[in-house]
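Student: Mind looking at a prediction? Sequence and model below.
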Amino acid sequence: MESVFYGIAKDGQNEYEKNLIEQANYYYKDIEGKWKWNLDVDGIYVLKDNIGKTPFAKEKIIETEIGEMKRLSPTSMVHLFSQHTHKQFLKYAVISNNPVDEINKADKFYAEALKSFEKSKSNEAIYEIDSATQKLYYVKPLYLTKQCMECHKRKEDTLGSLRGGITIDLDARFILERTEKIWNNFVFVSLLATFFVVFVIYFIMNISKQKLYYLYENIALANSLKEKVTKLNKVLVASGLGYWEWNLVTGEHSVDEQWLHMLGLNRDDMKKESCDWSERIEPEDAKRIMPIIDEAIEKKNPYVVEFRMKHALGHYIWIQGSGGVTDVDENGKAIKLSGTHQDITNRKLLELEQQNNTGYLNTLFEKNPNIIIVTDGVEIVKANDAFFRFFDQYDSLNSFKQEHKCICEFFEGGDDSAFITSEPHQWVEEVFNSPEPIAKIVYKKEEYYFAVHAKKVYENGLLNIIVTFNNITDIYGLRKRFEELSIVDELTKVYNRRHFNEIFKEERNRAIREAHSFCLAIIDIDNFKLYNDTYGHDAGDNVLAAFAREANAMTKRSNEFFFRLGGEEFGVVFCLKTQEEAIDYLESIMEATRALNITHSHNPPTYKFTISIGLAYVEAGKELELTSIYKAADEALYLAKKNGRNRIEVNTL
């Protein structure tokens, strides 16, 4: 019999612990969601001076008109939320044995738990209930993903390695108190059962055989009654319900020990009148629930209400009260009301925290300086304030959707392969598949450039996509300008030697790949040093610019490129011509040069501005090193100068 009672007690203890772990799992999912959400939107930027000592991500700094903004790391955001949590029952953090910031250093139980994760690579939570501190210590591991690696760049931080864990400290006093009560009841019931068995044996030994039948009947009845009482007590203890009864005629109000325990009261604190509970109800809650109870009494219906009651220590706890009429008089009028109270404070605090977190996330969504939309790929479901600051002719999503179904209607293509398409649905897939997607948006005849990030989310069984548009117009313009400056000669505005090195190699490889001819021509201005000495360097610069402009105008095909290689030396790379066609093409450049009709008193016999050209012609199918081709063109140029200048010489390879 004791083994049965022990099993019941053990089941009750396990049920309490299971509920506490489920509560910790619920908090963990909520905290993990905040942590991952920060990663998904590529970080939240906040003014540095507004956060105190909260750590930031080590990268991603933005200078704005209102001050320097830094990206808040996922760990930092979790710490911020923790600071606003009701710390008397819940505390959580992100910790590590090898943290970037010492504020996240693990210790004691958590440090050992993280070591265990390093060995096992498990994703299961580790927890313990500490009777000394009356808390549940719970930790689940965090492993580094691709999204984490941007901030975690230390040698020991590798993809898939353990970064740390999310910890949750929960108040376990209620569990420990109920567990202690369960085992006290077990001892009491065990003693009572032992006493009962001894009494029955003694009674059986002393009664007559004639009364044995009645004894067996009594034992069966006692066992049945005891079983029902045990089951009822088990239900009340396991559910944490406090019982009450109210005589509507006499006003007498009686409660059990669990009811008193919820409010921290003793029997001596009670008057055994209805004021024992009515005077402890929060006044505004009383105004709300009393009409509900009065109507239930009148109609003899059961009711369930939630309200706050003052604890003996002075604070309020949330109660779920259930009740109904349990007795009536001969006229059918209610004369007795009974029911239960259950402490739902933790649930209410969790609901409040969820409301606060939802409000905080909505604020982050609405006040984010970047445009954020929620879309199914075509139609916009939701848009933040930044969206309407940009599309300022629309004051609501409805007014926008009356004219435009999809934001992609504003997208335009360009010479950048990273630009996403303007096709509905397809543009979202390009965002997911492109390493650095860029949207070129044309609005009010102005061009804007946005870095685009997208994340799929499921809500109410429907798939939506959260898309963030980060305005990089200024940065993109600077990048394009820098790229242009890096490949263009400042004086002549034609491609420079740096770009020549790239195009020379690319076009030669293409000629080999497609099995066609390849040409490199090196051009030198005849007696240019004497021209500078005679007319001055400014005049020399003007001549260089004029010649480059005319020669560059002759490179009209996609496979023709004109370069300034340095000083008065220029180069032309071109393909897909026979040797005769190549010479004719270079002759046209010479004719355009002569047409400038620039006087050069030290350049006989024409005494005009002229050029010499050396051509390396590589026949289709031949594979030669770049240095060999360049040397052949240079040797041909030398021969052109030696043979009198103002001419073309060819090296056929």
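Tutor: Looks like it came in fine. Numbering: from 1, shown residues only.
Student: Show me what the helix or strand encompassing S116 packs onto, helices and strands only.
Tutor: In this structure, S116 sits in helix 108-120 according to DSSP states H and E. Contact analysis of helix 108-120 by 3 or more CB pairs under 8 Å, 6 or more residues apart in numbering; DSSP states H and E lists strand 126-130, strand 135-143, strand 162-171 as its packing neighbours. No exception for glycine: its C-beta is placed from N, CA and C like everyone else's.
Student: Okay, now the unreliable bits of the stretch 101-250 of the chain?
Tutor: Low-confidence segments of the stretch 101-250 of the chain (pLDDT under 70): 150-156, 174-175, 178-179, 182-190, 192-239.
Student: so what's Y458 up against?
Tutor: N464 (CB atoms under 8 Å, 6 or more residues apart in numbering).
Student: again but with F570, I slipped
Tutor: F570 neighbours (CB under 8 Å, 6+ apart): V494, I522, I523, D524, F547, A548, A551, F562, F563, R564.
Student: Secondary structure class of it, three-state.
Tutor: Recorded secondary structure, F570: strand (DSSP: H, G, I helix; E, B strand; the rest coil).
Student: per-residue confidence for it?
Tutor: Confidence at F570, expressed as pLDDT, is 95.
Student: picking that back up, wait, which of the helices and strands packed on helix 108-120 is closest to D385?
Tutor: Closest approach to D385 among these is made by strand 162-171 (31.3 Å; CB to CB).
Student: Parallel or antiparallel, list what pairs with the closest one.
Tutor: According to DSSP bridges, strand 162-171 has the following sheet partners: strand 90-95 (antiparallel), strand 135-143 (antiparallel).
Student: Reformat those strands into TSV and put mean neighbour count and distance to D376 next to each item.
Tutor: As requested, the strands paired with strand 162-171 are exported to TSV (neighbours: other CB atoms under 10 Å; distance: least, CB to CB, whole Å):
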stretch	mean neighbour count	distance to D376
strand 90-95	20	33
strand 135-143	22	32
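Student: and the ones you listed as JSON lines, adding distance to H315?
Tutor: Listed next are the strands paired with strand 162-171 as JSON lines, based on distance: least, CB to CB, whole Å:
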{"stretch": "strand 90-95", "distance to H315": "16"}
{"stretch": "strand 135-143", "distance to H315": "20"}
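Student: Minimum distance to I317: which of those strands has it?
Tutor: I317 lies closest, by CB to CB, to one member of the strands paired with strand 162-171: strand 90-95, at 15.7 Å.
Student: centre of the chain versus the closest one, how much separation?
Tutor: 19 Å (CA atoms, centre = their mean, to the nearest Å).
Student: what residues does that strand touch?
Tutor: Strand 90-95 is touched from outside by 27, 31, 35, 74-75, 78-79, 82, 85, 104-106, 110, 114, 139, 142, 164-171, 349, with contacts defined as CB under 8 Å, 6+ apart.
Student: circling back to that earlier point, just the CA atoms of the helix holding S116, as PDB, please.
Tutor: The C-alpha coordinates for helix 108-120 follow below in PDB (Å, rounded to 0.1, in the frame of the first residue of the first chain):
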ATOM      1  CA  LYS A 108      29.200  27.600 -11.700                       C
ATOM      2  CA  PHE A 109      26.400  25.400 -13.000                       C
ATOM      3  CA  TYR A 110      26.200  27.200 -16.400                       C
ATOM      4  CA  ALA A 111      30.000  26.900 -17.000                       C
ATOM      5  CA  GLU A 112      29.800  23.100 -16.400                       C
ATOM      6  CA  ALA A 113      26.700  22.800 -18.600                       C
ATOM      7  CA  LEU A 114      28.500  24.600 -21.500                       C
ATOM      8  CA  LYS A 115      31.500  22.200 -21.200                       C
ATOM      9  CA  SER A 116      29.000  19.400 -21.500                       C
ATOM     10  CA  PHE A 117      27.600  20.900 -24.700                       C
ATOM     11  CA  GLU A 118      31.100  21.200 -26.200                       C
ATOM     12  CA  LYS A 119      31.600  17.400 -25.700                       C
ATOM     13  CA  SER A 120      28.100  16.200 -26.700                       C
END
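Student: Identify each buried residue in that helix, please.
Tutor: Within helix 108-120, the residues that count as buried by 16 or more other CB atoms under 10 Å are F109, Y110, A113, L114, F117.
Student: Let me have the residues you listed in TSV, extended by distance to I126.
Tutor: Formatted as TSV, the buried residues of helix 108-120 follow (distance: CB to CB, whole Å):
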residue	distance to I126
F109	8
Y110	9
A113	4
L114	9
F117	8
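Student: Name the spans of the stretch 251-400 of the chain whose pLDDT lies under the cut-off.
Tutor: Counting by pLDDT under 70, the stretch 251-400 of the chain contains low-confidence residues at 357-361.
Student: ditto for the stretch 401-550 of the chain
Tutor: 414-417, 459-461, 477-485.
Student: Now do the helices in it.
Tutor: Taking DSSP state H, counting those that start in this stretch, the helices of the stretch 401-550 of the chain run over residues 426-433, 473-487, 497-514, 528-535, 537-553.
Student: right, and the ones you listed - which one's nearest F450?
Tutor: helix 473-487 (7.9 Å).
Student: can you list the helices and strands packed on helix 108-120 in CSV and add distance to A582?
Tutor: Formatted as CSV, those follow (distance: least, CB to CB, whole Å):
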stretch, distance to A582
strand 126-130, 76
strand 135-143, 61
strand 162-171, 62
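Student: Minimum distance to W259: which of those strands has it?
Tutor: Proximity to W259, assessed across those by CB to CB, is greatest for strand 162-171 (21.1 Å).
Student: Would you indicate which residues of the closest one are buried?
Tutor: Residues of strand 162-171 classed as buried: L162, R163, G164, G165, I166, T167, I168, D169, L170, D171 (neighbour count, 16+ other CB under 10 Å).
Student: Same question for stretch 451-463.
Tutor: Neighbour-count burial for stretch 451-463 [16+ other CB under 10 Å]: A451, V452, H453, A454, K455.
Student: Not counting stretch 168-178 itself, show me its contacts.
Tutor: 12, 16-17, 20, 23-24, 27-28, 31, 88-92, 129-131, 134-139, 237, 240.
Student: give me that answer again for 7 Å
Tutor: For stretch 168-178, contacts defined as CB atoms under 7 Å, 6 or more residues apart in numbering pick out 16-17, 20, 23-24, 27-28, 89-92, 129, 131, 134-138.
Student: roughly how far is it from the heart of the chain?
Tutor: Here stretch 168-178 is found 32 Å from its chain centre; the criterion is CA atoms, centre = their mean.
Student: Output that stretch in CSV, but only the C-alpha positions, please.
Tutor: Taking C-alpha atoms only, stretch 168-178 is exported to CSV below (Å, rounded to 0.1, in the frame of the first residue of the first chain):
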residue,chain,number,x,y,z
ILE,A,168,16.8,31.2,-17.7
ASP,A,169,16.5,31.5,-13.9
LEU,A,170,13.0,30.8,-12.7
ASP,A,171,11.5,31.1,-9.3
ALA,A,172,11.0,27.5,-8.0
ARG,A,173,9.7,28.3,-4.5
PHE,A,174,6.1,27.2,-5.4
ILE,A,175,7.4,23.9,-6.8
LEU,A,176,9.6,23.2,-3.7
GLU,A,177,6.8,24.2,-1.3
ARG,A,178,4.3,21.9,-3.1
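Student: Tell me, how many residues neighbour T133?
Tutor: T133 has 12 neighbouring residues, counting by other CB atoms under 10 Å.
Student: Okay, it and R510: tell me how far apart.
Tutor: 73 Å (CB to CB, to the nearest Å).
Student: Please enumerate the strands of the stretch 301-450 of the chain.
Tutor: For the stretch 301-450 of the chain, the strands defined by DSSP state E, counting those that start in this stretch cover 303-310, 316-328, 334-343, 371-375, 380-383, 438-443, 446-459.
Student: and among those, the most buried is which?
Tutor: Stretch with highest mean neighbour count among these: strand 371-375 (a mean of 21; mean count of other CB atoms under 10 Å).
Student: for it, packing partners?
Tutor: strand 380-383, helix 385-390, strand 462-471 (3 or more CB pairs under 7 Å, 6 or more residues apart in numbering; DSSP states H and E).
Student: got a markdown table for those, with distance to K641 too?
Tutor: Below are the helices and strands packed on strand 371-375 laid out as a markdown table (distance: least, CB to CB, whole Å):
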| stretch | distance to K641 |
| --- | --- |
| strand 380-383 | 68 |
| helix 385-390 | 61 |
| strand 462-471 | 55 |
